[in-house]
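1. Sequence plus predicted model, see below.
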Protein chains: 2
Amino acid sequence: MSSEFERATAVRRRDDGAYDAAIDIGWDIGGNANGGYLIAVGARAMADAVGRPPLSITAHYLAPGQPGPCVVEVHVLRSGRRTATASARLRAGGSDVVALLGTFGAQTPGDPVVVDGEPPVLPPYAEAASARPPVPDSGFGDRLAVRVRPADLGFAVGAPSGRAEIAGWFRFADADPDDVPIDVYGLLLATDAFAPVCLNVGEFAVAWAPTLELTVHIRGVPAPGLLRCRFSSRFLTDGMFEEDGEVWDSAGRLVAQSRQLALIPRPSPSG
Amino acid sequence: MSSEFERATAVRRRDDGAYDAAIDIGWDIGGNANGGYLIAVGARAMADAVGRPPLSITAHYLAPGQPGPCVVEVHVLRSGRRTATASARLRAGGSDVVALLGTFGAQTPGDPVVVDGEPPVLPPYAEAASARPPVPDSGFGDRLAVRVRPADLGFAVGAPSGRAEIAGWFRFADADPDDVPIDVYGLLLATDAFAPVCLNVGEFAVAWAPTLELTVHIRGVPAPGLLRCRFSSRFLTDGMFEEDGEVWDSAGRLVAQSRQLALIPRPSPSG
């Protein structure tokens, strides 16, 4: 185990088939574990149970995840030649925290390939803005070294860009991604590691946006190096918005797509 | 029960809390029940169990669904003030056919609203092309009265458009949607009722594309009338593609978004 993230998401299979793990301190937003972090913990257990890496994982959030021991109960639903499917529940402190459903397996590289899209254009990492969550945390901002386009941080200083979009670089703070490539579990975290894009619209409260559902499709294993990420929403209606994410590796390949359905933060009393 | 679709997706709660239903004949593609149809059956049971309509449902397909009785086992995972979450398995003939995970509740209409997109431009319904599945079915094409942009049917006559996109009108054949509005369960079907968009790329086999995972977000209840649908894919890589769907109602509102991860059909031996 070579990185903080690997240690913080490690799982250990018990005799009864469930997995012991821990919600590590310092991967939280405002005291509650980050949703992508929780998926990574659950996905490690599910992947171990089916013996294959994740292809598509959906999480529904049931209760805030607070630091401490947790258990991931995995049910293998199908194990076929090409893919396997499993469901899981991550439980902590006697509560169900996250429900997961996923299909596992591998891509089958080969032609033909159709790609209609490209990585976001970003300033060099050193010139991008250090991004920290808009609410207090106990270490998440230190464990990651996310940097975003400076204009996309406008919401934090009362100057939202007016567009529901945030793009930036993703890496872990403790590991040079050229030496320790970000793996598919890191991708799961990357899809939920940026501020909610609704903050940049300028018409909503600057507060955390609770995720109802997050689905991540793993489209490839990242090449060594930094990841480029772009998140955006087109429909912020009736109290909800979808947030679409793309994660691109240093070789210019799309390695993950995500979509979540989240609640638009309610206006603060003063707003 | 006023329509074929309602009857074909009806569920009946048993004393043990599971739901009896049937995979009705004639909602299949090549003999296997359509994926959206199966989600509608499962979602009706889940919605009944939690007492709220679907907001976000994810399905992973485990085995082909063949006509006959089926059972939907629902587990309510959480029931909160604003939303409830449930998982379900649809079983038929002794096999698990679909695993589902969903959150249920209602939108909260109100301002502000941000919409960056518009319904697809379609020819009038009467001038659009009648779309039937590219493989034999036993009634699906008769129960629906889907019509697509003529160019989007090019794949069926050896002239694929070259773009991974299909757009068209959705309605049921037996019910005038002005009289019997299409409901949220009809939306679930609509998101999986068109041919896979990979067929129009022209570099892949013309065959059915197995869905690994399909997630639908319900964004509103449709106004009476026909639905406009658009499906597209931007990344067809390493044997897989995502297919993004949008469903718009007659009032010009986005009422559903979908994304699936599917396998690119393998080339036929002659290809």
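-> Everything's here; your move.
2. right, is stretch A:191-205 up against chain B?
-> Yes: applying Cβ under 8 Å from any Cβ of the partner chain, one finds stretch A:191-205 touching chain B at A:201, A:203-204. (Glycine included, C-beta is placed from N, CA and C.)
3. and that stretch, which residues are buried?
-> Buried residues in stretch A:191-205, counted by 16 or more other Cβ atoms under 10 Å in any protein chain shown: A:191-202, A:204-205.
4. Now for those residues: which two are most distant?
-> The largest separation in the buried residues of stretch A:191-205, counting by Cβ to Cβ, is between A:191 and A:202 at 24.0 Å.
5. my guess is residue A:107 contacts residue A:184, does it?
-> No: judged on Cβ atoms under 8 Å, residue A:107 makes no contact with residue A:184 at a distance of 10.8 Å.
6. And those two? Which one has more around it.
-> residue A:184 (21 against 15; other Cβ atoms under 10 Å in any protein chain shown).
7. re earlier: let me know the closest of the residues of stretch A:191-205 next to chain B to residue B:239.
-> For the residues of stretch A:191-205 next to chain B, the nearest to residue B:239 is residue A:201 (37.2 Å; Cβ to Cβ).
8. Quick one, grab the pLDDT at that closest one.
-> On pLDDT, residue A:201 comes in at 92.
9. Looks like it contacts residue A:154 (just checking).
-> No: using Cβ under 8 Å, residue A:201 is not in contact with residue A:154, being 10.8 Å away.
10. Determine the residues that are contacts of both of the two.
-> Here residue A:201 and residue A:154 share the contacting residues residue A:160, scored by Cβ atoms under 8 Å, 6 or more residues apart in numbering or on different chains.
11. Need the residues of stretch A:191-205 next to chain B in TSV (columns: secondary structure).
-> Below are these laid out as TSV (DSSP: H, G, I helix; E, B strand; the rest coil):
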residue	secondary structure
A:201	coil
A:203	coil
A:204	coil
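12. Switch these over to CSV; also include distance to residue B:265.
-> As requested, the residues of stretch A:191-205 next to chain B are exported to CSV (distance: Cβ to Cβ, whole Å):
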residue, distance to residue B:265
A:201, 40
A:203, 44
A:204, 42
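13. between the residues you listed, which is nearest chain B?
-> The closest of the residues of stretch A:191-205 next to chain B to chain B turns out to be residue A:203 (Cβ to the nearest Cβ; 4.1 Å).
14. SS state for the residue nearest to that closest one when sequence neighbours are not counted?
-> In this structure, residue A:203 finds its nearest non-sequential neighbour in residue B:112, 4.1 Å apart by Cβ to Cβ, 6 or more residues apart in numbering or on different chains. Secondary structure, three-state DSSP: residue B:112 is coil.
15. Need the phi and psi values for residue B:112.
-> Backbone torsions for residue B:112, taken as degrees, to the nearest 10, come to phi -80, psi 160.
16. How about exporting the helix or strand hosting residue A:69 as CSV, limited to the C-alpha atoms?
-> Counting by DSSP states H and E, the element that carries residue A:69 is strand A:68-79. What follows is strand A:68-79, C-alpha atoms only, in CSV (Å, rounded to 0.1, in the frame of the first residue of the first chain):
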residue,chain,number,x,y,z
GLY,A,68,-15.0,5.1,12.1
PRO,A,69,-15.1,1.4,11.3
CYS,A,70,-17.5,0.3,8.5
VAL,A,71,-18.6,-2.9,6.9
VAL,A,72,-19.3,-3.5,3.2
GLU,A,73,-21.8,-6.3,2.6
VAL,A,74,-21.5,-7.6,-1.0
HIS,A,75,-23.9,-9.8,-2.9
VAL,A,76,-22.6,-11.2,-6.2
LEU,A,77,-25.7,-11.2,-8.5
ARG,A,78,-24.1,-12.6,-11.6
SER,A,79,-20.7,-13.8,-12.7
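17. Go ahead and measure how far it is from the middle of the chain.
-> 19 Å (Cα atoms, centre = their mean, to the nearest Å).
18. Outside of it itself, list whatever touches it.
-> A:11, A:17-23, A:41-42, A:45-46, A:49-50, A:84-93, A:97, B:60, B:62-63, B:89, B:96, B:99.
19. Among those, which lie within helices?
-> Per DSSP state H, helices hold the following members of those: A:41-42, A:45-46, A:49-50.
20. so can I have JSON lines of those residues showing distance to chain B?
-> Formatted as JSON lines, the ones in helices among the contacts of strand A:68-79 follow (distance: Cβ to the nearest Cβ, whole Å):
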{"residue": "A:41", "distance to chain B": "17"}
{"residue": "A:42", "distance to chain B": "12"}
{"residue": "A:45", "distance to chain B": "16"}
{"residue": "A:46", "distance to chain B": "12"}
{"residue": "A:49", "distance to chain B": "15"}
{"residue": "A:50", "distance to chain B": "12"}
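21. what about the helices in the stretch 101-250 of chain A?
-> A:140-143, A:184-190 (DSSP state H, counting those that start in this stretch).
22. among those helices, which is nearest residue B:236?
-> Checking those against residue B:236 by Cβ to Cβ gives helix A:184-190 as the closest, at 19.5 Å.
23. Does that closest one reach chain B?
-> No: counting by Cβ under 8 Å from any Cβ, no contacts exist between helix A:184-190 and chain B, the nearest distance being 13.5 Å.
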